[in-house]
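> okay, sequence plus prediction incoming.
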Amino acid sequence: MDNEKKSSIIKYYKNQILLFDFYFERTLKSKSKEDLHQMRVSIKRLKAIWSMMEMATSGKWQKKQHYKLFDKLFDAAGKVRELEVNSELIEKYNSSYLDSYNKYLQNTQEGLNRELFVRMQSFDHKNFEALNNKLLQKMKGLSYKVVLKESARYIQKEVKKVLKLNDELPNNRKLHKIRIHLKAANEILTIINELNTRVSLKKLQTNIKSLNERVGKWHDYTVLLSSLKHLPMKRWVKKIFSF
């Protein structure tokens with residue numbers, strides 16, 4: 001593997017770290033929906049790289065320490081994002097009977113925001129830097145061809161999981177898993193396309209992205225319906241039938 005190709009993998013990973021750091025700081029300062037969304041996207045891309053590196057090293061380097069470091073932060077950010085998506089969905093329905101649900105979302109969001117920023121303030125940046133230094137050393141010894149080969153194998157595994165889960169639909173939990181596997185495949189395809197410009201996988205990536213968007217809309221509405229059930233029934237029924 002020539003040095004230029006090897007350095008492209010390392011450069012890509014360093015850029016993703018910088019993007020995470022950038023949106024992490026922006027989210028802390030602005031608390032905006034878009035910055036939070038971009039921070040979650042950057043974490044997903046990092047997780048895709050870690051999965052790819054574990055496969056490329058045949059498990060000699062493992063992603064579990066990186067995952068453990070991010071678990072609580074990613075989970076807290078996901079809860080806030082889920083609530084924001086629910087809020088965006090019901091904005092389309094300007095009905096008075098949703099006032100109680102809007103209030104419920106606002107009250108819930110305050111607690112979720114506090115939890116998120118507690119997780120962000122306690123995030124161990126020094127440990128993240130130490131783990132990254134170890135990974136970057138591993139990357140220097142990797143074969144470029146092996147990385148691409150294992151990346152393609154990873155995508156095949158994710159697609160097979162989607163096909164298997166598809167037979168178990170409709171099922172909200174299975175639908176969520178399909179969404180996760182499609183996103184993982186899409187992130188790996190993004191990496192391959194950026195590292196290997198000679199082979200175009202744009203069509204495959206476009207198809208997976210399009211499917212993921214449709215599955216995502218389906219899943220978003222199932223999450224919204226589940227959230228609606230959490231509203232205290234007495235208050236909900238009283239609001240609907242008040243004339």
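Arrived safely, thanks for sending. Numbering: from 1, shown residues only.
> next, count neighbours for Gln106.
11 (other C-beta atoms under 10 Å). In this view, the C-beta of every residue, glycine as well, is placed from N, C-alpha and C.
> any idea how far it is from Arg81?
To Arg81, Gln106 is 16 Å away according to C-beta to C-beta, to the nearest Å.
> do Lys161 as well
When Lys161 is compared with Arg81 (using C-beta to C-beta), they lie 23 Å apart.
> in the helix or strand harbouring Lys138, what's buried?
Assigned by DSSP states H and E, Lys138 falls within helix 125-140. Residues of helix 125-140 classed as buried: 128, 131, 135, 139 (neighbour count, 16 or more other C-beta atoms under 10 Å).
> so what's the gap between the host helix or strand of Ser151 and the chain middle?
Using DSSP H and E, Ser151 sits within helix 144-166. Centroid separation for helix 144-166 versus its chain: 18 Å, with C-alpha atoms, centre = their mean, to the nearest Å.
> one more: stretch 202-209?
On C-alpha atoms, centre = their mean, the centre of stretch 202-209 falls 18 Å from the chain's centre.
> average pLDDT across stretch 35-47?
Averaging pLDDT along stretch 35-47 yields 92.
> how many other residues sit next to Leu36?
By the criterion of other C-beta under 10 Å, Leu36 has 21 neighbours.
> now the helices for this structure?
3-30, 33-56, 64-90, 99-121, 125-140, 144-166, 172-195, 202-228, 233-240 (DSSP state H).
> any buried residues in the longest one, and which?
Buried residues in helix 3-30, counted by 16+ other C-beta under 10 Å: 6, 8-9, 12-13, 16-17, 19-20, 23-24, 26-27.
> just how off-centre is it within its chain?
With C-alpha atoms, centre = their mean as the basis, helix 3-30 stands 16 Å off its chain's centre.
> by contact count, what packs against the helix holding Lys138?
Packed against helix 125-140, as judged by 3 or more C-beta pairs under 8 Å, 6 or more residues apart in numbering; DSSP states H and E, are the following elements: helix 3-30, helix 33-56, helix 64-90.
> mind putting these into JSON lines with distance to Arg214?
Output for the helices and strands packed on helix 125-140, formatted as JSON lines (distance: least, C-beta to C-beta, whole Å):
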{"stretch": "helix 3-30", "distance to Arg214": "26"}
{"stretch": "helix 33-56", "distance to Arg214": "19"}
{"stretch": "helix 64-90", "distance to Arg214": "15"}
